[in-house]
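Trainee: sequence-free structure coming up:
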Ligand SMILES: C[S@@+](CC[C@H](N)C(=O)[O-])C[C@H]1O[C@@H](n2cnc3c(N)ncnc32)[C@H](O)[C@@H]1O
């Protein structure tokens, strides 16, 4: 495996020393922070909202959602290292019983024991083997008035705004195949490349 593939793998499933480094990069890289800040803003959280995040990584957006009014944040990530980092970052919410971060695969969603007002993911959908099935499963976890937001900033070298637009179209098609009808695409001119935020309402 060449160096680039080894590093990319760390963003897909961080583990070991290199995984810790990937977690540090995700926490500190300005593009990552800004992408998540705007994503959580786009969720339009209300006081006490229940939020589920898929692929929460080091837990930046989890923290932002908790600070932004969410009553409870649940999440799923298949990296035990990221579960630990995200729990550490949000230990106060954990102690208050407002956090439910699980280790697992999006293809096999656990029973969180509730439905969610908002479901969020950022730069994760490209790793899912069957996005339509995942979105179908997630739709069943949304409250009747709930909504889902999927953010994506292409990170491949030489990515352009055209790649972002193509991702937007792909996500819309997946949402529609999963049964969502009301869908909105917003593209924001972030650095180093535009980011697409695709929202769907469960009604
Ligand atoms: C590129 S990181 C993004 C992390 C975070 N969303 C952020 O923006 O900082 C992708 C994260 O999704 C997780 N992930 C990737 N594929 C997954 C899957 N199939 N099931 C669960 N977690 C997954 C990885 O472990 C990693 O923490």
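Mentor: Received the coordinates, thanks. A quick note: this is a predicted structure, and the numbers were derived from the prediction, not measured.

Trainee: Touching, residue 102 and residue 74? I think so.
Mentor: Yes. The pair residue 102 and residue 74 qualifies as a contact (C-beta atoms under 8 Å) at a distance of 7.4 Å. Backbone N, C-alpha and C define where each C-beta goes, glycine included.

Trainee: okay, and the common contacts of these two?
Mentor: Counting by C-beta atoms under 8 Å, 6 or more residues apart in numbering, the contacts common to residue 102 and residue 74 are residue 112.

Trainee: of those two, who's got more company?
Mentor: Using other C-beta atoms under 10 Å, the more surrounded residue of residue 102 and residue 74 is residue 74, with 23 against 15.

Trainee: So which bits of this structure are right by the ligand?
Mentor: Residues of the chain found near the ligand, taking C-beta under 6 Å from any ligand atom as the criterion, are 11-14, 26, 32, 36, 55-57, 60, 76-79, 82, 105-106, 122-124, 127-128.

Trainee: Separate out the buried members of these.
Mentor: The neighbour count (16 or more other C-beta atoms under 10 Å) marks 11, 13-14, 26, 32, 36, 55-57, 60, 76-79, 82, 106, 122-124, 128 as buried among the residues of the chain next to the ligand.

Trainee: Which of the residues of the chain next to the ligand fall within strands?
Mentor: The strands, defined by DSSP state E, take in 76, 77, 122 from the residues of the chain next to the ligand.

Trainee: quick one: contacts for the last one?
Mentor: Okay, so that is residue 122. With contact set as C-beta under 8 Å, 6+ apart, residue 122 has these partners: 35, 36, 39, 55, 61, 150, 151, 152.

Trainee: ranking those by neighbours, who comes first?
Mentor: Using other C-beta under 10 Å as the neighbour criterion, residue 61 leads those with 29 neighbours.

Trainee: who touches the residue nearest to that residue when sequence neighbours are not counted in this structure?
Mentor: Residue nearest to residue 61 in three dimensions, not counting chain neighbours: residue 36, with 4.4 Å by C-beta to C-beta, 6 or more residues apart in numbering. Residue 36 sits next to 60, 61, 64, 122, 151 when contact means C-beta under 8 Å, 6+ apart.

Trainee: Distance check, residue 36 against residue 68.
Mentor: Noted for residue 36: a distance of 11 Å to residue 68, by C-beta to C-beta, to the nearest Å.

Trainee: Pick the one among the contacts of residue 122 closest to residue 176.
Mentor: Residue 176 lies nearest to residue 150 out of the contacts of residue 122, by C-beta to C-beta, at 13.0 Å.

Trainee: sec struct for that closest one, please.
Mentor: Following DSSP: H, G, I helix; E, B strand; the rest coil, we place residue 150 in the strand state.

Trainee: Who are the contact partners of it?
Mentor: Applying C-beta under 8 Å, 6+ apart, we find residue 150 in contact with 120, 121, 122, 125, 171, 175, 197, 198.
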